[in-house]
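Trainee: sequence first, predicted model second:
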Amino acid sequence: MQLDGKTAIVTGGASGIGKAIATAYVKEGADVVIASRTESAGTEVADEIGCTYVQTDVREYDQVEELVETTVDEFGKLDVMVNNAGIASEAPVEEMELDEWRNVVQTDLDGVMHGTKAALPHLEETDGCIINTASIYGLVGGKGAAAYSAAKGGVVNFTQQVAVDYADEGVRVNSICPGFVETPMTEELLETERFYSYVRDNTPMNRPAQPEEIAPLAVFLASDGAGYMTGANIPIDGGWTAH
Ligand code: NAD
């Protein structure tokens, strides 16, 4: 098993990509703590996959710090921090409500910074790693997704920046940049012909991904096999950013 003996936190681990990552980590032998906002869903998923749940709003630094401290109290250490929680937003900048902009940036960018800041002291002790879930929209502009692209672009550059600052401390920092994935986030949109054909026609592989197709990359990045990888923002997108 690739993650035997490791302790991992997965934010947004109760749903979609985060749930697939948490499930794969448990199967690979890790002790896993998932965090999300909605307690009922979090507890149910934790029971289903065999991990611990801590209710957390990643927009609030104090709550993220509490999540990390609870994990370290329970398992004695932290090896892997997956900053995955996020929300989507579909509006071009002229139509963007300021409250929506702020909420997306607070969740998708501040949330990653909060997880990084709270986890780093513990990751320095274990030569651990951080994995951020960015997006293809952090690498290229996303049509009609002003706040989301700005936040994910921030995550991409923040990943490189923290990787550079903490390489000497033995902490690796990488991001996963998925294309469209069928999750509760995209479910309703992908049910519309307009959006499904947009995704199909712009993806060389002509289909969205399943969350289980994203999780193996998160396993690899957390494993000793990725020991020389840091500062990488890796597309996993059926070819979206290749053209
Ligand atoms: P999802 O809606 O299925 O899961 C998102 C999770 O984040 C949920 O558990 C939700 O409770 C949690 N969350 C949201 N706001 C939170 C907050 N403030 N505090 C704590 N938890 C919070 O979506 P998903 O598709 O699995 O998305 C996971 C990540 O992948 C996100 O960062 C998303 O931007 C990114 N992503 C998704 C796609 C896609 O097509 N689905 C593509 C690229 C990147």
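Mentor: That came through, no problem. Numbers count the residues shown, from 1 in each chain.
Trainee: need the longest helix for this protein.
Mentor: Across the chain, the longest stretch assigned as helix under DSSP state H is helix 146-166.
Trainee: next one, pLDDT for the residue most central in space within the chain please.
Mentor: For the chain, the residue nearest the mean C-alpha position is Asn84 (2.1 Å; C-alpha atoms, centre = their mean). At Asn84, the pLDDT value in this model is 98.
Trainee: report the separation between it and the ligand.
Mentor: 5 Å (C-beta to the nearest ligand atom, to the nearest Å). All C-beta atoms are positioned from the backbone trio N, CA, C, and that covers glycine.
Trainee: check His114 too.
Mentor: The gap separating His114 from the ligand is 10 Å, by C-beta to the nearest ligand atom.
Trainee: A helix includes that residue, no?
Mentor: Yes. Counting by DSSP: H, G, I helix; E, B strand; the rest coil, His114 is part of a helix.
Trainee: going forward, the N-terminal residue is numbered 38.
Mentor: Okay, using 38 as the starting number, the last item reads as His151.
Trainee: check whether it really touches Asp99, as I assumed.
Mentor: No. In this structure His151 lies outside contact range of Asp99 using C-beta atoms under 8 Å: 9.2 Å.
Trainee: roughly how far is stretch 91-111 from the heart of the chain?
Mentor: Chain-centre distance of stretch 91-111: 16 Å, with C-alpha atoms, centre = their mean, to the nearest Å.
Trainee: all strands for this protein, in order.
Mentor: Counting by DSSP state E, the segments of the chain that form strands are 44-48, 68-73, 89-92, 117-120, 166-170, 209-215, 270-273.
Trainee: ok, how many other residues are close to Phe112?
Mentor: 18 (other C-beta atoms under 10 Å).
Trainee: name the residues linked to the nearest residue to it once chain neighbours are set aside by a beta bridge.
Mentor: The shortest distance from Phe112 to any non-neighbouring residue, by C-beta to C-beta, 6 or more residues apart in numbering, is to Thr44 (4.2 Å). Note on Thr44: beta-bridge partners Asp68, judged by DSSP bridges.
Trainee: burial of Thr44, as a residue count?
Mentor: Using other C-beta under 10 Å, Thr44 has 23 neighbouring residues.
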